[in-house]
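**Q** Below is the sequence, then the predicted model.
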Amino acid sequence: MKKILVIVPFAMSHENLNLRKQQLAGLHIDASVQFDYRPVAAGPVNYSSHHDFALADISILQAGHTAQQEGYDAVCIDTMSDSGVAALRSVLSIPVVGPGKLSMLTAMTLGDKFSIVTMASRWKPLYKKALDELDMHRHCASVRAIEVLPDNQSLLNGKEEDVFPLLEQAAIDCIEKDGAQVLILGSTTMHQAHAYLSQKLKVPIINPGPLSYQWAMGMLGLNLSHSVLAYPRPIHHRLEMLDAMIQSGQQFFQHKKS
C-alpha cells in the first residue's frame with residue numbers, strides 16, 4: 001500500500017475537510033494507493049498578504065515534516081501557492097508536490113499561452129512569484145479575477161449559481177481577448193467549478209489539486225523524487241522548536257475561543 005499525505009493549509013473541521021477530499025472524485029486511483037488529508041494545526045485565516053504567505057510556509061512545514069517517519073510515500077500540498085514545498089523538500093526525501101508551478105508547467109505541454117482564472121486579485125502575488133521563479137511571464141496571457149470573496153472552509157458550496165457563470169465569462173475573456181490556449185483554476189478551493197467549466201469551454205482547463213495527486217503517483221511509479229542538490233538538508237534543524245511554536249499557536253486560539 002502506497003500512502004500519500006495531502007496537507008490542507010488551513011485549520012478546519014472534518015466536515016469542511018471532506019470538501020477538500022472531493023478532489024479525488026473522478027480520478028482513477030489504484031486500490032493500492034491511499035490518500036490521507038491533514039489540515040494544519042494553526043496558520044493564517046486566509047491568503048491575502050505576504051504576512052499570510054509566511055505563516056503558511058511555517059504551518060505546512062510543521063504539518064508535514066514527520067510524514068516520512070509516519071510511513072507516507074509522498075506529500076501533496078493543497079494550495080496553488082506551493083507554500084511549504086521547498087521547506088519540506090529540505091527535510092524529506094520522499095516526493096513533495098505542489099500544484100502551482102506544476103499547473104503552469106503542465107499548461108505549457110498543452111499549448112503556448114495559458115491564463116489563470118481566480119477568485120480575487122489579492123491572490124495575484126502568489127502567481128507572480130511562481131511565474132518569476134519559472135521565468136514564464138511571456139507564456140502567461142493573463143490572470144483574471146472575478147472579485148468574489150473566497151471561502152477556504154465551505155469553498156463554493158451554495159454559491160454555484162452566482163460564481164460559476166462569472167468564472168465562465170472570465171475564462172471566455174481569457175480565451176477571446178487575451179489569447180489563452182489553456183486555462184488554470186487559480187486555487188484548489190475552486191475545484192468544484194472544474195466539471196462545469198470543462199463542459200462550457202473549448203480549451204483544456206487544469207484542475208490543480210487532482211493534477212498534483214496524479215503527478216505524485218507518477219513520481220512513485222517512476223521511483224523519482226526531488227534533488228538533494230537543489231534542496232539541501234539543514235545543517236542544524238529547528239523542527240522541535242517549530243512544533244512548539246505551532247502548539248503554542250493552537251493553545252492561544254483555543255484559549256481565545258473559550
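**A** All right, it came through fine.

**Q** list the contacts for residue 141?
**A** If you count contacts by Cβ atoms under 8 Å, 6 or more residues apart in numbering, residue 141 has them with 113-115, 174, 178-180. In this view, the C-beta of every residue, glycine as well, is placed from N, C-alpha and C.

**Q** Check which helix or strand it maps to.
**A** For residue 141, the element it lies in under DSSP states H and E is strand 140-145.

**Q** in this protein, which spans are strands?
**A** 2-8, 33-39, 74-77, 96-97, 114-118, 140-145, 182-185, 205-206 (DSSP state E).

**Q** Out of those strands, the one nearest residue 62 is which?
**A** strand 2-8 (9.8 Å; Cβ to Cβ).

**Q** which other residues reach the closest one?
**A** Residues from elsewhere that reach strand 2-8, judged by Cβ under 8 Å, 6+ apart: 17, 20, 32-40, 60, 63-64, 67, 70-78, 84, 213, 216-217, 220.

**Q** now the angle from that strand to strand 33-39?
**A** Compare the direction of strand 2-8 with that of strand 33-39 by axes from the mean of the first three to the mean of the last three Cα atoms, to 10 degrees and you get 20 degrees.

**Q** In space, not sequence, find me the middle residue of this structure.
**A** By Cα atoms, centre = their mean, the mean C-alpha position of the chain lies nearest to residue 79, the distance being 2.0 Å.

**Q** show me what contacts that one?
**A** Contacts of residue 79 (Cβ under 8 Å, 6+ apart): 9, 47, 56, 98-100, 187-188.

**Q** try it again with 10 Å
**A** When contacts are counted by Cβ atoms under 10 Å, 6 or more residues apart in numbering, residue 79 touches 7-10, 47, 56, 60, 85, 98-100, 126, 152, 187-189, 208-209, 212.

**Q** Find me the pLDDT at it, would you?
**A** Here the pLDDT value assigned to residue 79 is 96.

**Q** Repeat that for residue 253.
**A** The score at residue 253 is 68. That number is its pLDDT.

**Q** thinking again about what came up before, save the strands of the chain as a markdown table, and put in distance to residue 159 too.
**A** What follows is these, written out as a markdown table (distance: least, Cβ to Cβ, whole Å):
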| stretch | distance to residue 159 |
| --- | --- |
| strand 2-8 | 20 |
| strand 33-39 | 21 |
| strand 74-77 | 25 |
| strand 96-97 | 28 |
| strand 114-118 | 15 |
| strand 140-145 | 15 |
| strand 182-185 | 15 |
| strand 205-206 | 19 |
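
**Q** Tell me which of the ones you listed sits nearest to residue 241.
**A** strand 2-8 (19.6 Å).

**Q** Could you tell me which strands the closest one is paired with, and in which direction each runs?
**A** strand 33-39 (parallel), strand 74-77 (parallel) (DSSP bridges).

**Q** For the first one, which outside residues touch it?
**A** Spelled out, that is strand 33-39. Under the criterion Cβ under 10 Å, 6+ apart, residues 1-14, 16-18, 20-21, 23-24, 27, 29, 59, 63-64, 67, 70, 72-76, 78, 213, 216-217, 220-221 lie in contact with strand 33-39.

**Q** Can you say which of those are buried?
**A** Buried members of the contacts of strand 33-39, scored by 16 or more other Cβ atoms under 10 Å, are 4-12, 16-17, 20, 23, 59, 63-64, 67, 72-76, 78, 213, 216-217, 220.

**Q** Now, these that are in helices?
**A** Secondary structure assignment (DSSP state H) places 16-17, 20, 59, 63-64, 213, 216-217, 220 from these within helices.

**Q** can you list the residues you listed in a markdown table and add pLDDT and distance to residue 163?
**A** As requested, these are exported to a markdown table (pLDDT from 0 to 100; distance: Cβ to Cβ, whole Å):
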| residue | pLDDT | distance to residue 163 |
| --- | --- | --- |
| 16 | 87 | 17 |
| 17 | 92 | 21 |
| 20 | 91 | 18 |
| 59 | 96 | 27 |
| 63 | 97 | 29 |
| 64 | 98 | 30 |
| 213 | 97 | 24 |
| 216 | 97 | 28 |
| 217 | 96 | 30 |
| 220 | 97 | 35 |
